[in-house]
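Q: Mind folding the following:
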Amino acid sequence: MNYFKVICLLFLVFVYSAKSSTGEFETEFQEEREKFLALTHDEEDWRGNVNQIIRDHIKRKQGKSRSYEDEARYNRGIWLRRKKEQE
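A: Just a heads-up that it's a prediction; the model follows:
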């Protein structure tokens with residue numbers, strides 16, 4: 001069992017040193033870091049959107065906002081206008 005751990009450790013060191021000598025490891029790290037930052041930013045946007053949806057739902061329940069049907073018609077109209085503008 002100890003031989004297996006030592007061999008695995010040596011293999012990891014070998015792979016790390018090979019990647020770092022070619023510069024591949026650093027660029028791969030940068031790409032992963034950028035992906036992580038993008039996901040973190042998207043997650044913050046997603047949380048904000050969920051909070052807005054919850055606030056809108058509460059307003060609708062209290063009768064302070066448009067109904068879901070009115071909202072859907074409004075959003076459909078915006079979508080159709082944007083689609084026509086793109087054409």
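Q: The helix or strand hosting residue 7 packs against which elements?
A: In the assignment (DSSP states H and E), residue 7 maps to helix 2-22. Packing partners of helix 2-22 (3 or more Cβ pairs under 8 Å, 6 or more residues apart in numbering; DSSP states H and E): helix 24-61. Glycine gets a C-beta too; all of them are placed from N, C-alpha and C.
Q: Give me the mean pLDDT for the helix it packs on.
A: Mean pLDDT, helix 24-61: 68.
Q: what about residue 60, how many neighbours?
A: Close neighbours of residue 60, defined as other Cβ atoms under 10 Å, add up to 15.
Q: My error: substitute residue 10 in the last question.
A: Neighbours of residue 10 (other Cβ under 10 Å): 10.
Q: and it, how far is that from residue 61?
A: 63 Å (Cβ to Cβ, to the nearest Å).
Q: again, but for residue 70
A: The value you get for residue 70 to residue 61, if Cβ to Cβ is used, is 15 Å.
Q: now residue 79
A: 25 Å.
Q: Equivalent analysis for residue 81, please.
A: Taking Cβ to Cβ, one finds residue 81 at 29 Å from residue 61.
Q: for residue 50, same thing?
A: Residue 50 is 17 Å from residue 61, by Cβ to Cβ.
Q: next one: residue 83
A: For residue 83 relative to residue 61 (Cβ to Cβ), the value is 32 Å.
Q: One more: residue 86?
A: Using Cβ to Cβ, we find residue 86 at a distance of 36 Å from residue 61.
Q: Among the two, which residue is more densely surrounded?
A: Using other Cβ under 10 Å as the criterion, residue 86 and residue 61 rank with residue 61 on top: 9 against 6.
Q: Quick check: that one vs residue 32, distance?
A: 43 Å.
Q: What about residue 57, how many residues nearby?
A: Residue 57, neighbours per other Cβ under 10 Å, totals 12.
Q: before we move on, what about residue 51?
A: The number of residues packed near residue 51 is 10, by other Cβ under 10 Å.
Q: Then residue 54?
A: By the criterion of other Cβ under 10 Å, residue 54 has 10 neighbours.
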